[in-house]
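Undergrad: fold the following.
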Amino acid sequence: MIRRVSRLTFVALGMMNLGAALMRGQQAPEQTLLSIQEGIESGKLDEALRQVSKALEQYPKDGGLYNLRGVIHGQQNNFKDARTDFEHAVSLAPGLTPAWQNLGRACQMGDSDADTRCAAKAWTRVLQARAGDPEARFSLAAAYQRQSKFAESLRELDKLPADEAGRAPTLALRCVDLAGLNRMQEATDAAGRLVAAPDFSENDVKSILPMLTTEQRAPLVITLVEALDARGAASPESLRALVVAYEQTNRLDSARKTMERLAAADPKDPQHLFELARIAYRSHDLEGALAYLGHARDLSPTNARVHFLFGMILEEMQLPVEARRSLEKAVSLDPHNPDYNYALGSAILVTREAGPAVACFRNYVAAKPRDPRGHFALGVAYFASGDYAACRAEMQGISKDPATQAGAAYFLGRIARIEDNLDEAAALFEQSIRVLPSYPESHTELARVRLRQNRLEEAKAEIDRALALDPESFQANSALLALYQKTHDARAAEQSARLQKMDEDRSQRQQLMFRSIEVKPY
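TA: Purely as a prediction, here's the structure:
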């Protein structure tokens, strides 16, 4: 049976191969080699190693002796020295096929590109001597696959005998090769044959999962792991890969159920709960996400991340007081984390306490001075606290960045309007609108400037644009009332009543934000 080579399957130099081995220099007597090999086979490794060392003193260019010493090192789990010995063996005796086999096995245990090249070279040499060797053929195909040479790998697999081609490890390798060539229907067919193979096992899936991580290949993972799971043979590692594949195919309910099984099997690991919270969040189940995080918080109360995530979801649910409390806990546990500081600053701004928010955003800017988002947030906090000079400095510094240009112009315009620099304010609001025409507040602010300049038609046009973007905008409706009052429009009374009702609704929504909630453990 062709299987992934274990670390202990190095073979000693059989006497039948000595005649064919093309060695340079003097060779150790056959009796010496036989004695060493018998020691290896009987497990007397220390004695065998002593004999090899003694023989090498007399025959230092005998490749067979180095091969035997490599086998001993391998059985002693000294794989680094084993590989060195096998390399020395083939350099001294290029025709020594068992040494090439051992070198191939040693190299394919490694993960680097150099290891893979070494394995491919070694197995190619074995095939030159033994064209029908199924282990060499399969191992060369595996080396090609690791080099992303999928077509070459398939060609090697096609040369295997029918009984070997139908075994699970071969079908697993074929599945990956076909997927690598984007021949997905054929890969799907190979996966179907793989799960139906009598020797299909967790090891076959585990060996190829790292190559099936893309969204396009997720259905293959589902086919393989679901088949294992139906047999009760899926490991937690495979089930986690199944969760990812379910998510990649938007089967969030299946992902959640599978992750819940993992959490139930290992109830003290909060990482499962973090994953469940993320899946619940993706499913738009915010309360479910909070429940998972609440349980994770019980298991790991000093984990800053759980408090951060808890606070972020609370903020999205428009519960700023609870959100702030949770985020404050996260920052207290990890005070230098820039993301936690940024989130806390945002939560504080919602409750209209700009002073503490300034400190949070300063921490963020100190950690990430080149991120314009941090400077913009700090500028907003300065504006909310009435420090217009500091706000102007921050906004001017990011006014040319495409990510913050519109927002910077907006706040610079508001400062100009507050300071009665109406022409400058109008120019800045127009700039903001050019960059981001879909933001209604820029149109509203420009309308306010035009009202103060008695350019009433222009003011009305900007108000109309703002209301078209957001008919329920309190600010835009407030500007419309100001226009009606300025022009003695009969609709002012009706608009005033509408604005009062909007203000009451806004107050009610604000009160709802301050209710407390209790998250029960999962």
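Undergrad: tell me the mean pLDDT over stretch 109-122?
TA: If you average the pLDDT over stretch 109-122, you get 94.
Undergrad: how about Thr97: what's its closest non-neighbour residue?
TA: Ala129 (4.7 Å; C-beta to C-beta, 6 or more residues apart in numbering). Yep, even glycine has a C-beta here, placed from its N, CA and C like the rest.
Undergrad: to clarify, my last question referred to Ala416.
TA: Ala425 (3.7 Å).
Undergrad: now do Val358
TA: Ala381 (4.5 Å).
Undergrad: go on, Arg125?
TA: Closest to Arg125 by C-beta to C-beta, 6+ apart is Trp100, at 4.5 Å.
Undergrad: who touches the strand or helix carrying Arg240?
TA: Arg240 is part of helix 236-248, with elements assigned from DSSP states H and E. Helix 236-248 has contacts (C-beta atoms under 8 Å, 6 or more residues apart in numbering) with 202, 205-206, 209, 212-213, 215, 218-219, 221-222, 225-226, 228-229, 234, 252, 254-255, 258-259, 261-262, 265-266, 275, 279, 282.
Undergrad: repeat that for 7 Å
TA: With contacts defined as C-beta atoms under 7 Å, 6 or more residues apart in numbering, helix 236-248 is touched by 202, 205-206, 209, 215, 218, 221-222, 225, 228, 254-255, 258-259, 262, 279.
Undergrad: same thing with stretch 481-498?
TA: Contacts for stretch 481-498 (C-beta under 7 Å, 6+ apart): 451, 456, 459-460, 463, 477, 480, 499.
Undergrad: go with 10 Å
TA: 447-448, 450-452, 454, 456, 459-460, 462-463, 477-478, 480, 499-500 (C-beta atoms under 10 Å, 6 or more residues apart in numbering).
Undergrad: what's the most distant pair in those?
TA: Asn454 and Gln500 (26.7 Å; C-beta to C-beta).
Undergrad: just the contacts of helix 236-248 now: which is nearest Tyr59?
TA: Closest to Tyr59, out of all of the contacts of helix 236-248 and judged by C-beta to C-beta, is Lys206, at 43.1 Å.
Undergrad: distance check, Thr214 against Leu173.
TA: 18 Å (C-beta to C-beta, to the nearest Å).
Undergrad: these two - which one has more neighbours?
TA: Legend: neighbour count by other C-beta atoms under 10 Å for Thr214 and Leu173, higher for Leu173 (27 against 11).
Undergrad: got the contact list for that one?
TA: Leu173 neighbours (C-beta under 10 Å, 6+ apart): 2, 138, 141-142, 144-145, 150, 153-154, 156-157, 190, 194, 204, 207-208, 211.
Undergrad: what pLDDT does it get?
TA: For Leu173, the predicted pLDDT is 97.
Undergrad: again with the one 10 residues further on
TA: The score at Arg183 is 97. That number is its pLDDT.
Undergrad: show the backbone phi and psi for it.
TA: Main-chain torsions, Arg183, degrees, to the nearest 10: phi -100, psi 70.
Undergrad: who are the contact partners of it?
TA: 150, 154, 177, 189-190.
Undergrad: filter these down to the buried ones and hand me the ChimeraX line.
TA: Buried members of these, defined by 16 or more other C-beta atoms under 10 Å, are picked up in ChimeraX with:
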select :150,154,177,190
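Undergrad: in helices, which of the contacts of Arg183 fall?
TA: 150, 154, 177, 189-190 (DSSP state H).
Undergrad: could you report the neighbour count for Arg362?
TA: 15.
Undergrad: ok, now Lys460?
TA: Neighbours of Lys460 using other C-beta under 10 Å come to 18.
Undergrad: nearest spatial neighbour of it, chain-adjacent residues omitted?
TA: Leu483 (6.2 Å).
Undergrad: what number of residues lie near that neighbour?
TA: Around Leu483 there are 22 other residues, counting by other C-beta under 10 Å.
Undergrad: secondary structure element holding it?
TA: Counting by DSSP H and E, Leu483 is part of helix 474-486.
Undergrad: same deal with Leu127?
TA: Judged by DSSP H and E, Leu127 forms part of helix 113-129.
Undergrad: what helix or strand is Phe361 located in?
TA: Per DSSP H and E: helix 354-367 holds Phe361.
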